[in-house]
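Q: the sequence and its predicted three-dimensional model are supplied below.
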Amino acid sequence: MILRNQDISILESSAMGREAAARAVLALNRFGMGPRPGSIEAIAADPREALIAELEHPPAYPAAASALPSSAKAFRAVADANAKRQAKAVLAKRAEDQAKQQRTDAPPAMATDSTQGPSEMALKTAADAVPDPGRQIYLGEAKLRTEAALAANIGFAERLVWFWSNHFCISADKIRSMSGAYEREAIRPHILGRFADMLLAVESHPAMLFYLDNLASMGTNSTAGINRSRGLNENLARETLELHTLGVRSGYTQDDVIGLSNGFTGWTLVPPGDNPEHGGEFSFNPRLHEPGAQKVLGKTYEEDGVEQARAVLKDLAIHPATATHLAGKLAAHFIADTPPPSLVERMAKSFLDSSGDLKEVAKTMVLSPEAWAQPPTKLKRPSEWVVGMVRATGITQVDAARYTGGQALLGEPLWRPGSPKGFPDDEGSWIDGMGRRLDVANNFAERVAGKADPDEIVGSVLASSVSPEVSEAVSRAESRQQALVLLFMSADIQRR
């Protein structure tokens, strides 16, 4: 068979088209939230430039966020509901006691003379009368966050939000009312700014102070410490050094933990019961603060109230160990479980050269050849896989209760990591959960089979970039539901 020049040109053009589509798919999966209708065509001409453009002009968070309460307001709402519930429980218990005493002709003087707490029935009555607003606040935040990821053209900025939120994690199991607002207030505004600003916003946020028990910390020689015989809590300082900045085995000592812990004393929040307008907001209480200079990493920080710990954080934010630690975590999250050392070194250098400019570090990662040379073998975390699966169908709205329930089933409940380390980022931590992913894929496919065409997803949404084996399996499936499950469970959607 002899091919004419025109035939050769057509074949070459087709091959170039497939190559461009595959590169766009890699960009969308590795750096974004996965392909959605029209996304491959939008960036295929230059995926790198499209990613850089999103860093320069990140999409605005949905306007509906303005209707969500601030972390302090959410905290006050829950505290107020708890107080009302407790009061109603006490009243219900008194009514129970009075009814019992009337039945037994007890003396009137004993009508409220009960030292027992509210009964189970009294507590249930109070809970029914005053529902907990925390759940609805949590679900409202979850819905907005998820739909922002589903609607994003690429989703690079959203992935950065998710990364930094996990790096500086708190737990909704301990402080549910603030969990979503914490991300909006302390993480989202700083993902493309300076790390020092994010670090300060995070460590001084009431949600973090609550989560890591700094509210209970007071200097041994502070006014409150002397009067109450209570002492130091090291949690915030230890996690700041070990997890948030320098990393493990980076040279800090127990003395450094104590020095920073003393600097953090007095960082607290306004009790909601004392101040109905500003309860839940950050406050510095000098009565809790350890007096005197503190030494951290060989440097002495003079007594300066709230500014003492802030000065330590500024230095930690630009420390070489911090640069290496953060560069390694970013590269491991986006590129590979074991990222190329040359890439990590280049990103760490970019961090130091720019004084911790996170946009420059992200650009360095995207523009590095190593970021594109790695095959798409990294297993997506459950949250990334679910969003990628839903995006492929073109759905942009979710039922927050169902969505968060699915996340919990997959072992990555939203804003609920098992420890301050956050959720792990390696395949070994998630591979055993593939059976649960199959259950979720089946359930989702059953619900969307009537409107999601697997052939359309393969040919248009994914631009025929899936492997021939997956394409053939989808075409031979006995039903749309089965075809969708095969597609959702394929490496083309599971990995990046």
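A: Noted; the coordinates are in hand. Residues are numbered from 1 along each chain as shown.

Q: what about Glu360, distance to Val25?
A: For Glu360, the distance to Val25 equals 26 Å [C-beta to C-beta, to the nearest Å]. Using the backbone N, CA and C atoms, a C-beta is placed for each residue, glycine as well.

Q: more neighbours, the two?
A: Shown here are Glu360 and Val25; by other C-beta atoms under 10 Å, Val25 has more neighbours (25 against 18).

Q: which non-adjacent residue is nearest the more buried one?
A: Of all residues not flanking Val25 in the chain, Ser465 sits nearest, at 4.6 Å (C-beta to C-beta, 6 or more residues apart in numbering).

Q: what kind of secondary structure is Gly32 in?
A: coil (DSSP: H, G, I helix; E, B strand; the rest coil).

Q: OK, contacts around the residue positioned nearest the centre of the chain?
A: The centroid of the chain falls nearest to Ser165 when counting by C-alpha atoms, centre = their mean (3.6 Å). Residues near Ser165 by C-beta atoms under 8 Å, 6 or more residues apart in numbering: 183, 187, 415.

Q: again, only using 7 Å
A: Going by C-beta atoms under 7 Å, 6 or more residues apart in numbering, Ser165 touches 183, 187.

Q: list the buried residues in the helix or strand encompassing Arg447.
A: In this structure, Arg447 sits in helix 434-448 according to DSSP states H and E. Applying a neighbour-count criterion of 16 or more other C-beta atoms under 10 Å, one finds 437, 440-442, 444-445, 448 buried in helix 434-448.

Q: now stretch 273-285
A: Neighbour count says stretch 273-285 has 279-283, 285 buried, by 16+ other C-beta under 10 Å.

Q: quick one: the helices in the stretch 201-350 of the chain?
A: 206-211, 223-228, 235-239, 254-264, 306-317, 320-334, 341-353 (DSSP state H, counting those that start in this stretch).

Q: average pLDDT for the last one?
A: Looking at helix 341-353 alone, the average pLDDT works out to 98.

Q: ok now it, how far from the chain's centre?
A: Taking C-alpha atoms, centre = their mean, to the nearest Å, one finds helix 341-353 lying 24 Å from the centre of the chain it belongs to.

Q: same check, this time on the third one
A: Put simply, helix 235-239 sits 19 Å off its chain's centre (C-alpha atoms, centre = their mean).

Q: also the first one?
A: Centroid separation for helix 206-211 versus its chain: 15 Å, with C-alpha atoms, centre = their mean.

Q: so what does it touch, helix or strand wise?
A: helix 71-103, helix 172-182, strand 267-269 (3 or more C-beta pairs under 7 Å, 6 or more residues apart in numbering; DSSP states H and E).

Q: what pairs with the last one, parallel or antiparallel?
A: Which is strand 267-269. Strands adjacent to strand 267-269 in the sheet, as given by DSSP bridges, are strand 282-284 (antiparallel).

Q: show the pLDDT at Gly428.
A: The per-residue pLDDT reported for Gly428 equals 97.

Q: sounds good, over and out.
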